[in-house]
Each structure stands twice: as structure tokens, then as C-alpha cells.
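**Student:** Sequence first, then the predicted structure:
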Amino acid sequence: MIFDENKGMYFPTEDIVNQANVKEYEKLYKYSIEHREEFWAEQAEYLDWFKKWDKVLDDTDKPFYKWFQGGKINIVHNAIDRHLKTANRNKIAVIWEGENGDVRTFSYHALNREVSKFANVLKSMGVKKGDIVTIYMPQIPEQIFAMLACAKIGAVHSVVYGGFSNEALSERIRDAESRVVVTADGGFRRGKVTDLKGIVNEAVVLCPTVEVVITVKRTGHDVYMENDRDYWYHDLESLPIASPNCETEETDANDMLFLLYTSGSTGKPKGMMHSHGGYSVYTSTTHRMVFDIKPEDRFWCAADPGWITGHSYLLYAPLINGSTIFMYEGAPNHPYPNRWWRMIEKYGINILYTSPTAIRGLMRYGDSWVTRHDLSSLRLLGSVGEPINPEAWRWYYKVVGGEKCPIMDTWWQTETGGFMITPLPIMPLKPGSASKPFFGNEISVVNEQHEEVKAGEEGALVIKNVWPGLASGIYKDPEKFVETYWKKYEKEGWYHPGDSARIDEDGYIWVIGRSDDVIKVSGYRLGTAEIESALVSHPLVVEAGVIPLPHNLKGNAIHAFVILKTGTSPSRELETELKEHVVKMMGPIAKPEEIIFSESLPKTRSGKIMRRVLKARALGQDEGDISTLEE
Ligand code: WTA
């Protein structure tokens, strides 16, 4: 790339532009806005449909939009089946490396056999179209086989991130009313075995709907298996019923593909629903255009499939586009901080997509861990999950990408299914800006009066249109969907993402962060209310207020203000105990950085904790408008 010092921008070289899948932004953008439905219909033609749609967008039941209404499709038919009829059949679909050094690879042909076997096992356990299967797994191939197997037979997967505690897992299983849970005896992380099966055992006790738990053997450590409930996958897989042939179900474009729980402003996580049609079109189009996917590419999305990034860009989009995906089980610095770079060199990875937290975490070990490896296979880099600070951007660009790889800083959400704001490889880049709206999207920054703010001013990010990747709703809670995303701009019909941002004179969008009660810790999405209820569930805690404060490595860290029961005195031991209590209730990712014992919390007259005031006080900033403060 070419750095222009005056503009502070990085320009793509001719090579990058010449080979790009999309060579021009403005014209296509204009077309995609003026002819949104035609644009998306054209993109949908890249996929194989059992039956074409009757209507591109059905908006009769706003905001429950239906894309490609009347169409019949299955995402697995596009991600696997159709490749079997082409030269992709013998191409590597998945390369997996375990933290302990195990390596497994699967061609599209082999992937189809594994997924079909898994699908037949699920069927033999009575899983039918529309049933929700909960998957709680380490990052091993069977995790994605299980997801694809559900989709193949028209069942719905609900993947719960393996770092969540038994309490958090059981809450999600109960909401989804899963009858079948898929797990493993554990996985390797930082050289240790994670006891996933033990956590499942504790969780399912609280889930009356669960009848079957299927366990994949990964580590071989001892686990408790209950008669008539627990089955080893390798036992089931060896039965005649688990044949490697399985018909792919014809699903409606708007049939649910998966449910993914995400944190919002209330204590209860929301089950975001995505469906086969629009999601396939949106994820594969964004992936093809933004990551400039070529048939020979080896694509590594380093996210866990337990999060939306893993669903969309580790699994579905790259397989639909016929790429070779790479998947790694463990920690980036195990056994040494060159683990990632060694694997990029070893497998010849062309595109790396990861988070600012991971980049900052690896940056602190210094350049030599990276530069001792030949990373010349890399062509493009990506970032997601939180704003990337320019310092980390430059390190990623210079040391990892060798000053030749454009960085695709992609802004999006669990709800949006795929990239909403992103550069393209042909675009000049500004470190720290996610650049421009993706095709079809009109994105603005507005003030409290819903008017567009001036260039450079901060305001609320809004999306003024709908797109095929948009979630179809919140499971069992349509009102919450309306209230959270559509109420605020009801008159305008805009989508409300809950982020604040500014747009500069060149039209580049700079996302600042969440403006609601969601915290991004190391890129993980957590709800303040969830952490507060975890704290309050401790017998000695009366009230709690949780805020994010800036953290060098994690982006944000959790700081909890806690009011103790009368007669209880604060102590170091109690601080540790409360931190551990949150870990027990939610999982290690939610562990507070600091517990501050307080006598009172700033509240509105109606009793709502004013987290904004807590944050301003902690940072020594102006408290802003405190006219509603009760004290
Ligand atoms: C934040 C993750 C700045 C944002 C895909 C959003 C980002 C939330 C970026 C969604 C980015 C994601 N720059 N902020 N490139 N990408 N975010 O649902 O606050 O886990 O609202 O989806 O992450 O988090 P979620």
C-alpha cells in the first residue's frame, strides 16, 4: 500500500485494485441504493435455490422483514452439496489444528460425509425440522459438523460459547427448550483441559426439556455419563444408522437457521434468530466482496464459532464461497507467542480476520515473534468486534501484513448477520475508521432530535434501510425486538444499533462504541444488567452498578460498584469472592476487574442506576445532565 502522509491515508497499489472482485465503489453503491431489491436479487443469483423467490422483500409485517419470500433454499446445500458437483469436491474445505498439535483436514467430499453422519445421528435421536439443538463445544471440527448437520436437516442450532458457565448455559437451554444438547468431554486451552461435559452435567439438571446429551471425545479425560441420557458420539457414529448419506432438507428462505443469544439492555440474553435465505445471501456477498475471495484462498477467521463472527465468517460465508477455512482450537500464545504466525506460515494462510484485542495481546510480545516467520502468503487482513486503535492498526499493518495487506475493519453486530460498515480492498484506508457503508446500506449519525449531525460531530449511529442479513426477530419475544431496535426511530423506520459514531468530511465513519448498557470486553459482548444480577444473586450484595472503563488490552474492563447488606464490612476476601461469584454465574469473560464497595449509587427518581454518572465520576469527567438524579 502507499501511505500519503498529508492525508494520513493508505492507498491500495495497482496490484490490489487490478485483482479486486469489486473494482469501483461509488457507482455500484449508488446503484445498490437506488435499486436495492434488484441489487440483492442479483447477489442471490450466486446461490443455488431449490425454488426462486416470489418477492425479494416482503415488508408487510414491519419490522419483521422477510427476504426472498417464497424461495426454497438450504444454506448447507450451498455451503457443501453444490461444491460436490464441481472441482471443489476434492478441494480442502477445512484445515484444523488442535492446541496440542493434532491436525485434521477435510475435503468438501469428506466434510459432506462427516456432516451427513452427524445429521443421521441427530435424526436417530429424534431431532426434526424446526427443533432447536444446543451446541456447547470447544473449537474442534465436530463443533461445525454439528452446526451444519442441524441446518442440513432443517433443525435450528443454538451455539453457546464454551466460555459460558453452567448457569449461563442452562438459562439459554431453557429458553430454547432444547431436547438435545451436543458437547465434548473438553477441549485444550493454554495446555489445560476445559471441563465442558462437567458444566453441561450441572446445567442440564436445571433443564427439564433435555433428554439427550451427545458427547464428542476430544481429550479423553474422565467424565460422568448418565444412563439413558448420555451418548458418546463415536458410539453412535459407528452404528449403521449413521450413514454418510443424508438428504438435505428443502427449507423456506425464511425458516429459522439458528438462534444465537446475545446481551442487551435487560438482564436476560436475547435469542437472535437468523434464517436460511437472506443470511446466506448477505454473508456470502459481504465475504466475497470485502475479503476479495479467490478460489485458491485459505481463509482464517480466528473467532470462536460460539459468536456471530464465527457463525458468519468462520463457517457459512467461506464455505458458500468454496474457500478453504482454517480453524484453531486454542490460545494464541500457547506454547509460545508465535503460535499464530507459525500456523499462518505453515498453512500458507492468505487472509486473517481477528479482533483488536487479539492484535493488542500479541503486539505486546514484540515484533520478533512475528518477523521470524514468513508471512508473505497474507494478502488481506481483517478486524472486528470493537474499534481498533490506530496504534494496533499500524502494528497489524506493518509487522503482520508487511505493509502490503489492506485491513478490512468491519463494523457489524449479531443482529445484522454480516458487515454493515467496511472498507473494500480498493478503498483508501484511515487507521481506526471502519470506512463506508456496505452496498445497499444508508448509514448516518444523528442527534437527539434525529437530525443528521455535522461532519466530525458525535451522535447516534442509525441504519436507514433494511438488508438481507438482518435478524428476523428475538426468539419468543417479538415485543423486545421492536422495542430494542425500532422504537427509537419508529417514525423514520430506522434501525437503532446502540452505537455512537462520527462521520468525517470524507464520509468515513468512525465508530466510538456502545452508547447503551452493553459492554465490549475483549470484543466479547456482555450486558451490564446481566453482570449486576449476577452480583446481586450473592447473599451479601444488596445492589450493584456495573460500568466499562478503558483498558489497554481488553478495550474495556468491568468495574462494579456494590452495596453490601447492612452489617457486612468490605474486605479483600469479599472482593475476590464476588469476582468468583460472577465467574460462576456467567463465565470467566465476565469477571470484574475491580469491585468498589459503596454506600449508595446514583439513581434517577424512578430508581434506575445512572451508569453514565458512575462512569463520569470514575473518569473524573463532567457528570453531564444530572437533573434526574435523586440524591
Ligand atoms: C462493536 C460482533 C467498532 C459495536 C460482530 C457493535 C465494533 C458490537 C466493530 C456488536 C468495529 C463490532 N468497530 N466497533 N469494526 N465491530 N463492534 O453482536 O459496538 O458481538 O455494536 O457482533 O460490537 O457486537 P456483536
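**Tutor:** Nice, I can see it.
**Student:** so I2 makes contact with F11?
**Tutor:** Yes: with contact defined as CB atoms under 8 Å, I2 reaches F11; the gap is 4.5 Å. In this view, the C-beta of every residue, glycine as well, is placed from N, C-alpha and C.
**Student:** More neighbours: the two, which one.
**Tutor:** F11 (16 against 11; other CB atoms under 10 Å).
**Student:** Next up, the contacts around that one.
**Tutor:** M1, I2, F3, D4, P428 (CB atoms under 8 Å, 6 or more residues apart in numbering).
**Student:** What residues does the chain have near the ligand?
**Tutor:** Contacts of the chain with the ligand, taken as CB under 6 Å from any ligand atom, map to 262, 307-309, 383-387, 409-414, 434, 497, 499, 511, 513-514, 520, 525.
**Student:** can you name the farthest residue from the center of the protein?
**Tutor:** G567 (43.3 Å; CA atoms, centre = their mean).
**Student:** Which element, helix or strand, includes that residue?
**Tutor:** Following DSSP states H and E, one finds G567 outside all helices and strands.
**Student:** Check it and give its pLDDT.
**Tutor:** Here the pLDDT value assigned to G567 is 94.
**Student:** Phi, psi for it please.
**Tutor:** phi 90, psi -10 (degrees, to the nearest 10).
**Student:** Also G624?
**Tutor:** Residue torsions, per degrees, to the nearest 10, at G624 are phi 70, psi -150.
**Student:** Stretch 520-533: end-to-end distance?
**Tutor:** Start-to-end span of stretch 520-533 (CA to CA, to the nearest Å) is 18 Å.
**Student:** Distance from the chain centre to that stretch, please.
**Tutor:** 14 Å (CA atoms, centre = their mean, to the nearest Å).
**Student:** got it, and stretch 96-111?
**Tutor:** Remark: stretch 96-111 is offset 22 Å from the chain centroid, using CA atoms, centre = their mean.
**Student:** tell me the mean pLDDT for that stretch?
**Tutor:** Stretch 96-111 comes out at a mean pLDDT of 98.
**Student:** got the CA positions of that stretch in PDB?
**Tutor:** C-alpha atoms of stretch 96-111 as PDB (Å, rounded to 0.1, in the frame of the first residue of the first chain):
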ATOM      1  CA  TRP A  96      -8.000 -27.800  11.700                       C
ATOM      2  CA  GLU A  97      -5.200 -27.600  14.200                       C
ATOM      3  CA  GLY A  98      -5.600 -28.500  17.900                       C
ATOM      4  CA  GLU A  99      -3.800 -26.700  20.600                       C
ATOM      5  CA  ASN A 100      -1.900 -29.900  21.300                       C
ATOM      6  CA  GLY A 101      -0.600 -30.100  17.700                       C
ATOM      7  CA  ASP A 102      -3.200 -32.500  16.300                       C
ATOM      8  CA  VAL A 103      -4.100 -31.700  12.700                       C
ATOM      9  CA  ARG A 104      -7.200 -32.800  10.800                       C
ATOM     10  CA  THR A 105      -8.200 -31.900   7.200                       C
ATOM     11  CA  PHE A 106     -11.400 -32.500   5.300                       C
ATOM     12  CA  SER A 107     -12.100 -32.100   1.600                       C
ATOM     13  CA  TYR A 108     -15.600 -30.900   0.600                       C
ATOM     14  CA  HIS A 109     -16.300 -34.600  -0.100                       C
ATOM     15  CA  ALA A 110     -15.100 -35.600   3.400                       C
ATOM     16  CA  LEU A 111     -16.900 -32.700   5.000                       C
END
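**Student:** Show me what counts as buried in that stretch.
**Tutor:** W96, E97, G98, E99, T105, F106, S107, Y108, H109, A110, L111 (16 or more other CB atoms under 10 Å).
**Student:** H83 reaches N90, doesn't it?
**Tutor:** No: the criterion here is CB under 8 Å, and H83 misses it with N90 at 9.9 Å.
**Student:** Give me the common contacts of these two.
**Tutor:** By CB under 8 Å, 6+ apart, the residues touching both H83 and N90 are Y108.
**Student:** Mind checking which of those two has more residues around it?
**Tutor:** Per other CB under 10 Å, whichever of H83 and N90 has more neighbours is H83, with 23 against 12.
**Student:** Please enumerate the strands of the stretch 151-300 of the chain.
**Tutor:** 156-159, 180-184, 187-189, 192-194, 212-216, 230-232, 251-252, 256-262, 270-275, 298-301 (DSSP state E, counting those that start in this stretch).
**Student:** can I get the ones you listed in JSON lines with mean pLDDT?
**Tutor:** Output for the strands of the stretch 151-300 of the chain, formatted as JSON lines (pLDDT from 0 to 100):
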{"stretch": "strand 156-159", "mean pLDDT": "98"}
{"stretch": "strand 180-184", "mean pLDDT": "98"}
{"stretch": "strand 187-189", "mean pLDDT": "96"}
{"stretch": "strand 192-194", "mean pLDDT": "96"}
{"stretch": "strand 212-216", "mean pLDDT": "98"}
{"stretch": "strand 230-232", "mean pLDDT": "98"}
{"stretch": "strand 251-252", "mean pLDDT": "98"}
{"stretch": "strand 256-262", "mean pLDDT": "97"}
{"stretch": "strand 270-275", "mean pLDDT": "97"}
{"stretch": "strand 298-301", "mean pLDDT": "98"}
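**Student:** Of those, flag the one that's most buried.
**Tutor:** Of all these, strand 180-184 carries the top mean neighbour count, a mean of 28, counting by mean count of other CB atoms under 10 Å.
**Student:** Measure how that one sits relative to strand 212-216, angle-wise.
**Tutor:** Comparing the axes of strand 180-184 and strand 212-216 via axes from the mean of the first three to the mean of the last three CA atoms, to 10 degrees yields an angle of 20 degrees.
**Student:** Quickly run through the sheet partners of strand 180-184, with directions.
**Tutor:** Strand 180-184 has the following sheet partners, assigned by DSSP bridges: strand 132-136 (parallel), strand 212-216 (parallel).
**Student:** which outside residues touch that strand?
**Tutor:** So strand 180-184 is contacted by 122, 125-127, 131, 133-138, 140, 142-143, 146, 173, 196-197, 200, 204, 210-219, 233 (CB under 8 Å, 6+ apart).
**Student:** In CSV, could you pull the C-alpha coordinates for that strand?
**Tutor:** Taking Å, rounded to 0.1, in the frame of the first residue of the first chain, the C-alpha atoms of strand 180-184 are listed here in CSV:
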residue,chain,number,x,y,z
VAL,A,180,-30.9,-32.5,22.6
VAL,A,181,-27.5,-31.0,23.6
VAL,A,182,-24.2,-31.6,21.8
THR,A,183,-21.0,-31.2,23.7
ALA,A,184,-17.5,-32.7,24.1
